[in-house]
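K.L.:
Generate a structure from the sequence data that follows.
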Amino acid sequence: MAEIATQPPLILVADDVPANVELLHDQLALLGYRVVSAFDGPTAVEACFEHRPDLCILDVAMPAGNLGGSDRTTGFEVCRRIKRDPRTSRIPVIFVTALNDATDRVKAIEAGGDDFLTKPHNRQILSARVRSLLRLKFATDALEESYRKLRELEKVRDDLMKMIVHDLKTPLTSVLASLEMALDGDFGVVSEGLRRALGDAEAKAEDLLALIEDLLEVARIEETTLELDLQPLAPGALIAELVDEWRVRFKQEAAEVSTDVSDDCPVFRADKGLMKRVFSNLIQNAITHAGSGVRIALSARPDEEVGGSDGVMFTVSDDGPGIPPEYHEVIFRKFERVKNPQLPRARNSGLGLAFCKLVVEAHGGRIWVQSNEGRGSHFHVALPVEPERAS
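P.N.:
All right, here's what the predicted structure looks like:
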């Protein structure tokens with residue numbers, strides 16, 4: 001753990017009165033801490049960057065030297081410089097000063113100080129404050145280190161995923177080509193039973209290829225290499241085209257579909273191919289998680305809350321099992337999904353909604369869900385009429 005160190009914590013003590021420095025030095029040494037001293041503002045800043053102490057105890061009134069400003073407030077300037085630099089920003093600062101005015105306490109807080117003690121200080125109180133702030137710093141350092149390691153592991157995972165996905169795509173394309181040739185009879189007569197088996201294998205291979213494309217697309221969007229091919233889109237025409245493309249699947253799943261597009265919906269600019277994939281993902285989720293006989297509603301209306309200007313709000317609703325509130329944010333993260341005990345075998349990569357979120361945000365919009373368990377789901381996509389950026 002972070003608290004277990006090879007050496008005791010190091011504390012910087014800065015005061016222009018040597019007797020005060022000596023007193024604090026002795027008290028802290030008795031508590032088992034190492035101490036480094038400074039007697040003016042510039043020396044305190046230099047010592048902080050050189051030694052990177054675990055905690056600083058600063059007098060407020062010290063010679064300012066080349067720091068500028070009044071000697072009466074040098075400690076505040078030292079604290080500001082410590083907190084401003086990312087190398088030292090997490091070092092706790094305690095002000096120990098003869099000043100006891102409320103204004104000075106406010107200035108200490110504004111400068112970034114973590115605590116404020118007046119002279120003559122109580123040794124036990126100082127000891128308690130030092131231990132408390134050191135524990136907090138060590139916990140923060142440990143959290144920062146864990147986060148850094150997590151980011152490194154995520155990068156390794158993402159790099160490995162992209163490498164594997166690229167390697168999978170080529171042989172899978174060959175498999176699909178062979179299946180298509182077999183179904184066309186290029187290798188001889190195909191019986192009806194074999195045709196059904198080959199057709200099923202081809203469908204599964206197509207699903208796998210779609211998953212690979214999703215993985216690659218999500219990676220491209222995250223790396224900000226996705227270029228948007230913007231074109232004017234009418235909400236009504238977009239929804240009608242989606243319903244037509246999904247007509248056969250709706251019939252297969254016995255799904256009931258309704259549409260509702262406001263007459264005053266504005267034409268908006270977006271990448272048609274990407275937006276169709278967004279809504280297709282939402283439709284696919286509704287069918288996958290609600291099962292056969294689901295009722296799906298597609299709607300569009302004007303929205304004036306997107307980026308502070310006119311926009312359009314799309315909604316994809318279903319009467320499926322719904323999503324518990326605690327999952328409303330989680331489902332938009334990569335590889336996260338809500339397990340549906342009613343449909344344990346439903347395939348879900350956990351990438352569809354992450355892809356939707358990235359595409360919608362690339363257009364300057366936002367996506368969210370309103371749902372409760374057992375009451376269906378309503379996925380809302382709010383888009384501006386004109387995206388602020390094209391990629």
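K.L.:
Give the buried residues for stretch 260-278.
P.N.:
261, 265, 268-271, 274-278 (16 or more other Cβ atoms under 10 Å). C-beta here means a position set from N, CA and C on the backbone, and glycine is covered the same way.
K.L.:
Quick check: end-to-end length of that stretch?
P.N.:
Start-to-end span of stretch 260-278 (Cα to Cα, to the nearest Å) is 18 Å.
K.L.:
And the chain, what are its domain boundaries?
P.N.:
For the chain, automatic domain parsing gives the domain ranges 10-121, 152-222, 230-384.
K.L.:
circling back to that earlier point, okay, and which of the buried residues of stretch 260-278 map to strands?
P.N.:
261, 268-271 (DSSP state E).
K.L.:
What is the nearest of those to residue 157?
P.N.:
Using Cβ to Cβ, residue 271 is the member of those that lies nearest residue 157, at 28.0 Å.
K.L.:
circling back: can you add distance to residue 297 and pLDDT and give the buried residues of stretch 260-278 back as TSV?
P.N.:
Formatted as TSV, these follow (distance: Cβ to Cβ, whole Å; pLDDT from 0 to 100):
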residue	distance to residue 297	pLDDT
261	11	94
265	16	91
268	20	94
269	25	94
270	21	94
271	24	93
274	22	90
275	18	93
276	18	93
277	20	89
278	17	92
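K.L.:
just to revisit the earlier point, comparing the domains of the chain by mean pLDDT, which bottoms out?
P.N.:
Lowest mean pLDDT of these: domain 152-222, a mean of 80.
K.L.:
Closest one of the ones in strands among the buried residues of stretch 260-278 to residue 178?
P.N.:
Once Cβ to Cβ is applied, the member of those that ends up nearest residue 178 is residue 271, at 33.2 Å.
K.L.:
bridging residues for the closest one?
P.N.:
residue 230 (DSSP bridges).
K.L.:
That one and residue 229 touch, don't they?
P.N.:
Yes - applying Cβ atoms under 8 Å, one finds residue 271 in contact with residue 229, separated by 5.0 Å.
K.L.:
Quick one, which of the domains of the chain gets closest to residue 144.
P.N.:
Across the domains of the chain, closest to residue 144 is domain 10-121 (Cβ to Cβ), at 7.6 Å.
K.L.:
Walking through the stretch 101-250 of the chain, point out its helices one by one.
P.N.:
Taking DSSP state H, counting those that start in this stretch as the criterion, the stretch 101-250 of the chain contains helices spanning 102-111, 123-183, 192-222, 235-245, 247-252.
K.L.:
Can you lay out these as TSV showing distance to residue 325 and mean neighbour count?
P.N.:
Putting the helices of the stretch 101-250 of the chain into TSV (distance: least, Cβ to Cβ, whole Å; neighbours: other Cβ atoms under 10 Å) gives the following:
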stretch	distance to residue 325	mean neighbour count
helix 102-111	37	15
helix 123-183	26	13
helix 192-222	25	15
helix 235-245	28	16
helix 247-252	29	11
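K.L.:
out of everything not next to it in sequence, what's closest to residue 183?
P.N.:
residue 198 (5.3 Å; Cβ to Cβ, 6 or more residues apart in numbering).
K.L.:
Can you tell me the number of residues neighbouring the residue nearest to residue 266 when sequence neighbours are not counted?
P.N.:
Spatially, and ignoring its direct neighbours in sequence, residue 266 is nearest to residue 385 (5.4 Å; Cβ to Cβ, 6+ apart). When neighbours are counted by other Cβ atoms under 10 Å, residue 385 registers 18.
K.L.:
check contacts around residue 385.
P.N.:
266-269, 309-312 (Cβ atoms under 8 Å, 6 or more residues apart in numbering).
K.L.:
Tell me which two in those are the farthest apart.
P.N.:
Every pair of the contacts of residue 385 checked by Cβ to Cβ; the farthest is 267 and 309, at 14.0 Å.
K.L.:
Would you point out which residue is most central in the protein?
P.N.:
residue 333 (8.2 Å; Cα atoms, centre = their mean).
K.L.:
re earlier: can you read off the backbone torsions of the residue nearest to residue 266?
P.N.:
phi -60, psi -40 (degrees, to the nearest 10).
K.L.:
so how far is stretch 171-178 from its chain's centroid?
P.N.:
36 Å (Cα atoms, centre = their mean, to the nearest Å).
K.L.:
now do stretch 39-59
P.N.:
35 Å.
K.L.:
Just the CA trace of it, in CSV.
P.N.:
C-alpha atoms of stretch 39-59 as CSV (Å, rounded to 0.1, in the frame of the first residue of the first chain):
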residue,chain,number,x,y,z
PHE,A,39,13.4,30.6,5.5
ASP,A,40,11.8,32.7,2.7
GLY,A,41,9.4,32.4,-0.2
PRO,A,42,11.8,31.6,-3.0
THR,A,43,13.7,29.0,-1.0
ALA,A,44,10.4,27.3,0.0
VAL,A,45,9.3,27.0,-3.7
GLU,A,46,12.7,25.7,-4.7
ALA,A,47,12.8,23.2,-1.9
CYS,A,48,9.3,22.0,-2.7
PHE,A,49,10.2,21.3,-6.4
GLU,A,50,13.5,19.8,-5.5
HIS,A,51,12.5,17.5,-2.6
ARG,A,52,8.8,16.9,-3.4
PRO,A,53,7.8,16.7,0.2
ASP,A,54,4.7,14.8,1.4
LEU,A,55,3.4,17.9,3.2
CYS,A,56,4.2,21.6,3.5
ILE,A,57,3.9,23.8,6.7
LEU,A,58,4.2,27.4,5.7
ASP,A,59,4.3,30.7,7.5
